[in-house]
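Student: 3D, please:
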Amino acid sequence: MPTRRFEAGEVLATPGGLATLEAAGHTAAEFLTRHFAGDWGTLSKDDKAANDAALADGGRLLSAYRLRSGETVWIITEARGDDGRRAATTLLRPDEY
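Tutor: Numbering: from 1, shown residues only. Okay, here's the model as predicted:
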């Protein structure tokens with residue numbers, strides 16, 4: 001199991017995000033594990049670098065993963081403050097943001 005690189009806060013998922021995963025034959029756990037390990041998915045090089053910086057400064061983290069169905073889900077971990085603590089991690093479809 002990969003090492004978790006940051007605190008998750010409360011872990012949540014939208015009904016749409018869960019339905020999209022289920023329809024594509026995926027589970028939330030497979031993508032949450034990747035997100036917590038610092039595998040940011042299909043983000044651009046600049047967005048991945050911003051996430052890496054946010055690990056140090058406590059900022060918001062975003063991952064994007066393409067599913068077998070071709071659809072995308074996001075996982076967002078919101079910052080609670082500048083101390084590296086996180087308020088919540090949410091799995092959702094991009095159109096639910």
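Student: is it fair to say E30 lies in a strand?
Tutor: No - using DSSP: H, G, I helix; E, B strand; the rest coil, the secondary structure at E30 is helix, not a strand.
Student: how many residues are close by it?
Tutor: Around E30 there are 10 other residues, counting by other CB atoms under 10 Å. Yep, even glycine has a C-beta here, placed from its N, CA and C like the rest.
Student: excluding chain neighbours, what is closest to R68?
Tutor: Closest residue to R68 in three dimensions, ignoring its sequence neighbours and counting by CB to CB, 6 or more residues apart in numbering: A24, at 5.1 Å.
Student: in this structure, which residue is most central in space?
Tutor: Closest to where the C-alpha atoms of the chain average out (CA atoms, centre = their mean) is I75, at 2.5 Å.
Student: and that residue, its phi and psi?
Tutor: Taking degrees, to the nearest 10, you get phi -130, psi 130 for the backbone angles of I75.
Student: that older thread, quick check, the residue nearest to R68 in contact with T72.
Tutor: No - when contacts are counted by CB atoms under 8 Å, A24 is not listed as touching T72 (10.4 Å).
Student: any idea which helix is longest in this protein?
Tutor: The longest helix of the chain (DSSP state H) is helix 45-57.
Student: for it, output the C-alpha coordinates as CSV.
Tutor: In CSV, the C-alpha atoms belonging to helix 45-57 read as follows (Å, rounded to 0.1, in the frame of the first residue of the first chain):
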residue,chain,number,x,y,z
LYS,A,45,2.9,19.3,-15.5
ASP,A,46,2.2,22.8,-14.0
ASP,A,47,-0.8,21.6,-12.0
LYS,A,48,1.2,18.6,-10.7
ALA,A,49,3.9,21.0,-9.6
ALA,A,50,1.3,23.3,-7.9
ASN,A,51,0.1,20.2,-5.9
ASP,A,52,3.7,19.3,-4.9
ALA,A,53,4.1,22.9,-3.6
ALA,A,54,0.8,22.6,-1.8
LEU,A,55,2.1,19.6,0.1
ALA,A,56,4.7,21.9,1.6
ASP,A,57,2.5,25.0,2.1
